[in-house]
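S.K.: let's see this in three dimensions:
(2 chains)
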Amino acid sequence: MTTTDRPTAPKTAFWNDPVKRGLALQAGLVLFVVVVVWAAFNNMSANMLARGLTFGWDYLGRQANFAIGEGLISFAPTDTYGRAIVVGLLNTLRIAVVGIVLATLLGVAVGVMRLSSNPLLARIVAGYVEVVRNTPLLLQLFLWYAIINALPGPRQALPVGPGMFLSNRGMKMPWVEWSPALWPAIWALVAGIVASVVVAKALKRRREATGDAPPVLPIAAGLILGLPFLALAAQGFPATLSVPVLQGFNFSGGVELSPEFVALLLGLVLYTAAFIAEIVRGGIVSVSKGQWEAANALGLPAPRIMRLVILPQALRVIIPPLTSQYLNLTKNSSLAVAIGYPDLVHVSNTTMNQTGRAVEVILVFAVVYLTISLVTSAFMNWYNGRVAIRER
Amino acid sequence: MNPPVAPATFTAFVASERLADLKPPASVRPSWPVALLRTYFGTPGNAVITLVCLGLLAWLLPLFLSWALFNATFVGTAAQCREAGGACWAFIGEKFWFSVFGLYPFEQRWRPATVLVIFAAMVALSTQRAFWRRELVYGWLGVLAVMWGLMGGSVLGIGIPGLEPVATRLWGGWLVTIFLSVFGLAMAYPIGIMLALGRRSKRPIVRALSVAWIEFIRGVPLISLLFIATFIVPLFMPQGVEIDRLIRAQIAFIVFAAAYMAEVFRGGLQAIPKGQFEGAASVGLNYAQTMRFIILPQALKITIPAQVNTFIGLFKDTTLVLIIGIFDFFTTLRSALGDSNWLGFATEAYLYAAFVYFIACYTMSRYSQRLESDLSPEKVR
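M.R.: Modelled structure (predicted):
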C-alpha cells in the first residue's frame, strides 16, 4: 500500500459543490411546497370548522332532489348525488365522442376544400375557418343556442335531412328501436370487424410477399356491413326504424336531441373542425411536391397516391396536434354549464350549490377530466408511435 | 494491309428555308376569359362546385343583407326596431359605452378612458420592432401599475390622493377583458419560463413538480380552475384574509396561462441545438448565465409566433369568467340583454361581441404571421 503525496484538490466550500447545491435547492423546494400545502390545509380545516362544513363523501349517497333533463341512464330526483354525477359524466362522454367524430369528418373535409383549385370554394371555406377560429367558443355557443330557440315550433320544423327535423324543441331524427333481437346483428358486427382485421393482415402479408395489391377496403367494408345485414336478413329484419312523424303539436317517434345538446354539439363541432381543418391542411402541404411527382412517375393513380404516399406522411404531422384538439373539445364541453346541458360540470355545480361540498365536488370533476385527458393522450401517443418514422 | 476504306456517303437533310413558327402550347397564357372559365368551370366537378357555391351565396347573402342592412334600424328606439323587423343596431349604439366601461361610476369614466388610451398607445408602440428593447419591458410594468392605480384609485392598498377608490366589482366591460388578458400574460410569462426550465431541469424533484403543475393544469378545463379560485381558494386563506374576487379569477387565469406558455417555451428550448449549450459551457458560463445570455434569447425569439397564438387562445378564454359572474366585456354585454326596454336583441349583441373579438384576434394573428416571416426570412417560400 502506498500513500499518495499528490496534492489533494483544494477543498471546495459546500455551497460551491454542484451536487450538494442541487440537493440543498431541491430540499428547499420540497420544504417550501410542504409548508404551503400544510398551511393551506390547516387554514382550510379551520375555515371549514368555522363555517360548519365537513369533509366527506357521504353526500354521494344522499338523495339529490333535482331533475336532470336528459341522460343515457334514467335519473329521478329521488336518486342519489352519486348517480347524478354518473349521469353527468355519461352526458360529457356522449357529447365528446359524437363531437370528436363529427368534428374530424367536417375538419378533414374543410381542410381538403381549403386546398381546392377552385378559388371560390377555397375563399368561402377560408372565411369560415378564420371567423370561427378568431371568436370565443362561449360566444358561439350562446349564438347557436339563441338561434335554435328562435326557430319555429315543431309544426313548422325545418327539415334538415332525411327524417330529421330541427325546431325550437331541438332535433328529431330516426333511430333504431331497441329490441333483444338485435343482439345477433351486434355480434355479427363484432365478428365482421375481427374478420376484416384478420383478412387485412393476411392480404398485407400476401402483398409484401408477391406484390399483388388485393382490394382491402372493399372487402373490409363488405365484411363489416354485410355480416350484420345477413344476420338481420336471416331473422327477417326484426328491428324497426322509428321515424319522427308530426302528430298534433309535436313529433312522435324517433329520437329527440334537446336544444341544449344540439347547440353545444353544433358549437363544439364547428369550432373544433375549423382548427382540425388547419391541421389537416398543414399536414398535406408539409408533404413535399417531389413525393407527388415521384408517385406520378411510378404510374400510381391519384387516389392511391393520396392513400399510399401522401396520407401516411401527412398523418405524422397531423396526429400530435389532432390529439390536443380532441382533448380541447372534451374540455370545452364543460362550457355546457353556460347553456344548461347537464354535463359533468353542470351537474357538479348543482350538487355544489345544494350540498355546499365545494372541495369534494370540484375534486371529483377535476380528477375525471384529468383521467380522460391522460387516457386519451396515452392512446394517441401509442397510435402516434405506430405512424411515426421508424429509424433504421 | 487493308485497302483504304472508302469514305461513307452521308445524306444530310438541311432546311433550305425557314419553317413557319409554331403556336405556343395552349397551356401557356390563355386570354383572361378563358383562364377564368378554366379556373371555375374547367372540369365538370369544378363547375358543380362553383355553381353550388354561387347558389349558396345567392341564397344566404340577400337574406343576411336584408336583415343586417336594408331592414335594420341604426338609430331609434326598441319599438322602431321591432317595427322595421331587421337587425337592431340602435341597441348596440345604446349599450356601446356600457359595454366599454361596465358599471364604473359615470362621473369617473375619464379614468378607464385614460387607461384605454394609454393601453392603446403602449400596444401601438410595442408592435414596432424598433422599440424592442429592455426599456419596453420596464415601460410595460410601469404602465400596468399606472393602469391599475388609475382604475382602482389605490396601489397595494394605499389610496392615491385625489382619486376616489372604485371597488373591483364595479369594473366591467372592455377594461376587465384587457386587465385579465394583459395582466395574465405579464405574470404568466416569467412563471412559464421558470416552469419550462424546471421541466428540462436535471434535478428530479424540480422536474417532477414542474411536470405535475403543467400536466394538471393542461389536463383540466379552465372552468375547474375558475371554480377552485372562487370556492376553494378562500378556504385556503388564513381567517380574516380575503382576496378580491377579480384578483382570484386573475390568479386562476395566470396559473392557467403559465402552464400553456411553459409548453410553448419548452418547444423553443428543445429546438436550440446542443452546440449552443456546449459552446456556453466551454467559455465557462454557469447555468444561469448560459440560460440568460445564450439559450433564452434564442428560445424566446423563435417561439414568438407560437406565443402570440397562445395569447390569442387565452384572450378568447377570458370570456369564461362569465361562468363565475365576473363582468368582462362579454358578460357586461349579456347583462345589457336583460334591459326590459330592449328585450330580444341577443343576436345583434352576440354579433357585435363576435366582431370585436374577431378584429382583435385576427389583427394579432396577422401580426404574428408577419412577424414569423420577418424573424425567419429563410423559411419563407
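
S.K.: count of neighbours near residue A:342?
M.R.: 26 (other C-beta atoms under 10 Å in any protein chain shown). For the C-beta atoms, the positions are set from N, CA and C on the backbone; glycine is no exception.

S.K.: quick check: phi and psi on it?
M.R.: In terms of degrees, to the nearest 10, the main-chain angles of residue A:342 are phi -80, psi 70.

S.K.: right, and it touches residue A:69 too?
M.R.: Yes. Assessed by C-beta atoms under 8 Å, residue A:342 is found in contact with residue A:69 at 5.6 Å.

S.K.: quick check: neighbours shared by these two?
M.R.: Residues touching both residue A:342 and residue A:69 (C-beta atoms under 8 Å, 6 or more residues apart in numbering or on different chains): residue A:260.

S.K.: now the helix or strand hosting residue B:123: average pLDDT?
M.R.: For residue B:123, the host element (DSSP states H and E) is helix B:110-126. In this model, helix B:110-126 carries a mean pLDDT of 92.

S.K.: going by contacts, tell me the helices and strands next to it.
M.R.: helix B:89-101, helix B:134-152, helix B:174-199 (3 or more C-beta pairs under 8 Å, 6 or more residues apart in numbering or on different chains; DSSP states H and E).

S.K.: so which elements touch the shortest one?
M.R.: Using 3+ C-beta pairs under 8 Å, 6+ apart as the contact test, the elements touching helix B:89-101 are helix B:78-84, helix B:110-126, helix B:174-199, helix B:329-336, helix B:346-375.

S.K.: in that helix, what's buried?
M.R.: By 16 or more other C-beta atoms under 10 Å in any protein chain shown, the buried positions in helix B:89-101 come out as B:89, B:90, B:91, B:92, B:94, B:95, B:98, B:99, B:100, B:101.

S.K.: the first one and residue A:177: what is the separation?
M.R.: Distance of residue B:89 to residue A:177, computed by C-beta to C-beta, to the nearest Å: 49 Å.

S.K.: repeat for the fourth one
M.R.: The spacing between residue B:92 and residue A:177, counted by C-beta to C-beta, is 49 Å.

S.K.: now stretch A:329-341: buried residues?
M.R.: A:329, A:330, A:331, A:332, A:333, A:334, A:335, A:336, A:337, A:338, A:339, A:341.

S.K.: let me see the mean pLDDT of stretch B:341-351.
M.R.: Averaging pLDDT along stretch B:341-351 yields 88.

S.K.: low-confidence ranges, chain A, go.
M.R.: Applying pLDDT under 70 to chain A picks out residues A:1-10, A:238-240, A:388-392.

S.K.: do a quick rundown of the strands in it.
M.R.: Here chain A has its strands, by DSSP state E, at A:158-161, A:164-167, A:170-173, A:175-176, A:241-242, A:245-247, A:250-252, A:255-257.

S.K.: returning to what we had before: for the helices and strands packed on helix B:89-101, could you give me TSV that also reports mean neighbour count?
M.R.: Formatted as TSV, the helices and strands packed on helix B:89-101 follow (neighbours: other C-beta atoms under 10 Å in any protein chain shown):
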stretch	mean neighbour count
helix B:78-84	15
helix B:110-126	15
helix B:174-199	21
helix B:329-336	23
helix B:346-375	17
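
S.K.: re earlier: any chance of the helices and strands packed on helix B:110-126 in TSV, plus mean pLDDT?
M.R.: Putting the helices and strands packed on helix B:110-126 into TSV (pLDDT from 0 to 100) gives the following:
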stretch	mean pLDDT
helix B:89-101	91
helix B:134-152	89
helix B:174-199	93
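
S.K.: out of the ones you listed, which gets nearest to residue A:232?
M.R.: Taking C-beta to C-beta, helix B:174-199 is the member of the helices and strands packed on helix B:110-126 nearest to residue A:232, at 54.1 Å.

S.K.: other SSEs contacting the closest one?
M.R.: If you count contacts as 3+ C-beta pairs under 8 Å, 6+ apart, helix B:174-199 packs onto helix B:89-101, helix B:110-126, helix B:134-152, helix B:204-219, helix B:245-271, helix B:304-317, helix B:329-336.

S.K.: how about stretch B:262-278, does it reach chain A?
M.R.: No. Stretch B:262-278 does not reach chain A (C-beta under 8 Å from any C-beta of the partner chain); its nearest approach is 9.8 Å.
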